[in-house]
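> here are the coordinates; sequence isn't available:
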């Protein structure tokens, strides 16, 4: 019986696609990594992973009553998406202003903070993400973790996934701007699904920001 329950639990969790690990070191050095379960198919679902993780970061900030920080992060990433989207035929890469956070491949000292996410694809084609992280000073580390991961992806991804990401970010922000519910648990799924799809927000349900 226990064996059958464990098998059903594993099936319900979906296919494990990737592990994200973001380590902070002394001096605000950070090293982001994505470990794909299929190394021969790297970045196959990178846009989906980033959007689901971004939604979770906003949710965590809201849960910690850091709504101001969450909105600042959204405003900043809107500017990033607008700049990427305005590059025309040739994508112009640029460095994000990360402030005190610095990317490194050669960290010094012990890990002082770690965020980790497990990314799954479900049988119906949707995705889910499990997030684990340290607590304390989250208004700095949570946005810094996502921005560091985003910069590492912008540095190495091909143009097509970056353009997909740009569109998905714009749609995610539209969803939050009108529904204003990234602090609700249901938005952890509904917001990324909307961002990655083609559905339009019904005018009757739109609620512009105050």
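All right, it came through fine. The structure presented is a predicted model; accordingly, all values stated were derived computationally and were not measured. Numbering: from 1, shown residues only.

> what sits up against the longest strand belonging to the chain?
Counting residues, the longest strand found in the chain (DSSP state E) is strand 15-25. With contact meaning C-beta atoms under 8 Å, 6 or more residues apart in numbering, strand 15-25 is reached by 30-38, 44-45, 49, 53, 104, 107-122, 127, 141, 144-145, 148-149. Bear in mind the C-beta positions are built from the backbone N, C-alpha and C, glycine included.

> Which members of the residues you listed are classed as buried?
Burial by neighbour count, 16 or more other C-beta atoms under 10 Å: within the contacts of strand 15-25 this picks out 30-32, 34, 36, 45, 49, 53, 113, 115, 117, 119-121, 127, 141, 144-145, 148-149.

> before we move on, the earlier item: note down every partner strand of the longest strand of the chain and its orientation.
As defined by DSSP bridges, the strand partners of strand 15-25 come to strand 29-36 (antiparallel), strand 113-121 (antiparallel).

> Distance to residue 162 and mean pLDDT added to these, as JSON lines?
As requested, the strands paired with strand 15-25 are exported to JSON lines (distance: least, C-beta to C-beta, whole Å; pLDDT from 0 to 100):
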{"stretch": "strand 29-36", "distance to residue 162": "15", "mean pLDDT": "94"}
{"stretch": "strand 113-121", "distance to residue 162": "19", "mean pLDDT": "95"}
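
> Reformat these as CSV; add distance to residue 153.
Converted to CSV, the strands paired with strand 15-25 look like this (distance: least, C-beta to C-beta, whole Å):
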stretch, distance to residue 153
strand 29-36, 8
strand 113-121, 14
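
> out of these, nearest to residue 80?
strand 29-36 (16.2 Å; C-beta to C-beta).

> Show me what the lengthiest helix in the chain is packed against.
Counting by DSSP state H, the longest helix found in the chain is helix 159-179. Judged by 3 or more C-beta pairs under 8 Å, 6 or more residues apart in numbering; DSSP states H and E, the packing partners of helix 159-179 are helix 46-63, helix 67-85, helix 138-156, helix 187-196.

> Just the angle for the shortest one relative to helix 46-63, thanks.
It stands for helix 187-196. Counting by axes from the mean of the first three to the mean of the last three C-alpha atoms, to 10 degrees, helix 187-196 points 140 degrees away from the direction of helix 46-63.

> List the buried residues in helix 187-196.
By neighbour count on 16+ other C-beta under 10 Å, the buried set for helix 187-196 is 187, 188, 191, 192, 193, 194, 195, 196.
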